[in-house]
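S.K.: Task: produce atomic coordinates for the following.
(2 chains)
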Amino acid sequence: MPVDVGLLQRHARYEDLQAGISEEFLTPALGGGTTIAVLSRPLREPSPIGWVICHSLGMEQIHLGRLDVIAARALSKAGFSVLRFHGGGYGDSNATLDAIGLSSHLADATDAVRLMGKQEGIEQVGIIGARFGGTVAALVADRMDLPLMVLWEPIARGAAYMRDFLRSQVLSLIVGEGGEGGTSAVDRIRAELSSKGWSDIKGFRLSREAHEQIGAIDLMRDIKTFAGSSLLIGVSRTDRTNPALAKLAEHLRGIGGTCTLDVLQDPFAVQFGHFRYQTVNGGRGKRDVQLELNEKIAAATVAWSLELQTRQTTTEVGR
Amino acid sequence: MREFPVFVPYDREHLAGVVTLPDEEPEGLVLLATGTGAPRSHRFQLWTTVARRLADHGLASVRMDYLGIADSTGRVIERSLGELELRVHEASAVARFAMQAVGVDRLAVVGNCSGGLVVLGAAAQITESIGALCILPRVLQPSQMNRMVIGLRGSKAASVVRSNRLLLRLLGPLRGRKGRPRSMVQDGAAAVLARGRLMFVYSEQDTDAYNERSRMTIERMLAQLPETHRARFELRILPEGPLSGFESIPIQERVIDTVVDWAIDCFGTTGSLERKDLQGRAIPAL
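M.R.: Next up is the predicted model:
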């Protein structure tokens, strides 16, 4: 029997009548390579605001991936169009892991914003991201002069993020092979990055260029002109605000934007960005301990987006 | 090579997947399934790479997201290993859809960890299946002691043990699953071997899943089968490991080569067994 291409193509999209949304797989060219993206849309008349969700770095792309999906569907249910995608070197993209770096993340996100801007009825494009995805979203929003951004627990300083990234490999060696820890072990990885040009960090090929570029990020310095509306969501076990997020919010207001800072409490907040399944019942089951937090983040993002839309509509009517 | 992302209807939900097609008419289909939590492309694009490599050898494949994972719909907060039949059902639905779309009547299945058990169950149910490859299948259930140790994971006591080499060595014999055999593995393996091939893959470091007790269980399981069926079973112990999480590039490369070589052999397709690294560069023969 021949391949039924029509059958495959017809199943690139589905409609969920109960939620009032559709989702469609796209195969766009982003950042110089082809990849797979998903466009979520409301079945009713969509809002003129469209969102692009940027995923995080390395394994965080997988650990936080379901948050991106939950938020995309919740926003679409509320009337917004949302695009999520696999950047070069991730998931179903054509590029391989060695392509990954700050430059690839920025190029992919920039093209994704352009793609969303071309969708029917879209007048404004906002950008969203969690952790390193939030960092990328902020840098793209600033460079492309976007009007809206939502950052979920963004990484404000790349140096600390990269230090923790390297330490995860050291920790893995200590647990798995009884290897040595401490700063000397991290220094050995740095030396390898320098001499070989890359290092194997728990299966992720981290290039020297990616390490240097990401390590140099400082959002307080690098976001220079963003004058739009932003929502920063921090996650915490307590109701205390992360000081770095508070400073970032202050910075965003200082350069002329409006910024809402929200802290969501959750007992598993500390695992945000990590493997989200916990073994339960003595190894007989696995529980997704981030699901409820993901739903809270999505709900807070939807509420803020709807409020923003109402404000914009009221302003337009007032004119 | 062409790829088609699809949403496969599944009751009121949709399971996301990607069907990869070779340029020529496909000689068969390979279902690629993951363990708990990983998306269809798997960690570090493992299944994406395997799918494209298989296409180079004339084989189609489908990689899938379970319900509530990645781009599939559904809300799943907890999955019990006792409910693996649910995932077997999902994997079977995706495999059947892909076989219809691709137009083939031969299926091989590949999965890791709990996904290995899922594909074993799917292969046992789908009469067109000609082989199953299970990476790190846990043939034994956790014992009382295993359950206690698992319950202590993430605790202060566990971190004290992990940071002390002597304690680690002393407690070494307590590691590894040593409970009762999983009936699902025994039944699934018997059904798969009755009509095709079965390979279990572990590494030397995977003492949790592969230890003296599990080795004996596999031997006992095979001893109950006719010789012709037994001859279709292969146990492969890889030098690189542990396989859990595929947390090093040499492990990923070894797993990709093992899966691709096995699938080519399973379908008896022609095509060179040229090895490539994760960047797609040819690796010279040893």
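S.K.: Only C-alpha atoms from now on, for both contacts and neighbour counts.
M.R.: Fine.
S.K.: Any chance of the backbone angles for residue 5?
M.R.: Using chain A here. A:Val5 adopts backbone torsions of phi -60, psi -40, taken as degrees, to the nearest 10.
S.K.: ah, I was thinking of chain B
M.R.: phi -80, psi 140.
S.K.: Helices of the stretch 1-150 of chain B, start to end?
M.R.: B:46-56, B:84-102, B:114-125, B:144-151 (DSSP state H, counting those that start in this stretch).
S.K.: those strands in chain B, which residues are they?
M.R.: Counting by DSSP state E, chain B has these strands, from start to end: B:2-10, B:13-21, B:29-33, B:60-64, B:78-80, B:107-112, B:129-135, B:197-203, B:233-238, B:275-276, B:282-283.
S.K.: Counting neighbours, what do you get for B:Val118?
M.R.: Around B:Val118 there are 32 other residues, counting by other C-alpha atoms under 10 Å in any protein chain shown.
S.K.: Return the helix or strand in chain A with minimum mean pLDDT.
M.R.: Within chain A, no helix or strand scores below helix A:158-177, which has a mean of 83 by mean pLDDT, DSSP states H and E.
S.K.: sorry, back to before: need the strands of chain B in a markdown table with mean neighbour count, can you?
M.R.: Output for the strands of chain B, formatted as a markdown table (neighbours: other C-alpha atoms under 10 Å in any protein chain shown):
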| stretch | mean neighbour count |
| --- | --- |
| strand B:2-10 | 21 |
| strand B:13-21 | 24 |
| strand B:29-33 | 29 |
| strand B:60-64 | 31 |
| strand B:78-80 | 17 |
| strand B:107-112 | 26 |
| strand B:129-135 | 27 |
| strand B:197-203 | 22 |
| strand B:233-238 | 16 |
| strand B:275-276 | 17 |
| strand B:282-283 | 10 |
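S.K.: among those, which gets the worst mean confidence?
M.R.: Here the lowest mean pLDDT among the strands of chain B goes to strand B:275-276, at a mean of 54.
S.K.: Return the residues of the stretch 1-150 of chain B in contact with chain A.
M.R.: Taking C-alpha under 8 Å from any C-alpha of the partner chain as the contact definition, the stretch 1-150 of chain B meets chain A at B:4-8, B:14, B:25, B:36-45, B:48, B:69-71, B:76-82, B:100-104, B:142, B:146-150.
S.K.: Is there a quick ChimeraX command that grabs whichever of those residues are buried?
M.R.: To isolate the buried subset of the residues of the stretch 1-150 of chain B next to chain A in ChimeraX, counting by 16 or more other C-alpha atoms under 10 Å in any protein chain shown, use the following:
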select /B:4,5,6,7,8,14,25,36,37,38,39,40,41,42,43,44,45,48,69,70,71,78,79,81,100,101,102,103,104,142,146,147,149,150
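S.K.: which residue sits closest to B:Thr48 in space, ignoring its chain neighbours?
M.R.: B:Ser41 (5.0 Å; C-alpha to C-alpha, 6 or more residues apart in numbering or on different chains).
S.K.: Double-check the one you found against A:Gly91; I have them as touching.
M.R.: Yes - in this structure, B:Ser41 is within contact of A:Gly91 by C-alpha atoms under 8 Å, at 5.0 Å.
S.K.: which neighbours do these two share?
M.R.: Common neighbours of B:Ser41 and A:Gly91, counting by C-alpha atoms under 8 Å, 6 or more residues apart in numbering or on different chains, are B:Thr48.
S.K.: pull the longest helix from chain A.
M.R.: Ranked by number of residues, the top helix in chain A under DSSP state H is helix A:291-318.
S.K.: counting contacts, what elements does that helix pack onto?
M.R.: In terms of contacts (3 or more C-alpha pairs under 8 Å, 6 or more residues apart in numbering or on different chains; DSSP states H and E), helix A:291-318 is packed against helix A:65-77, strand A:229-236.
S.K.: hmm, the first one in reach of chain B?
M.R.: Which is helix A:65-77. Yes - counting by C-alpha under 8 Å from any C-alpha, chain B is contacted by helix A:65-77 at A:65-66, A:69.
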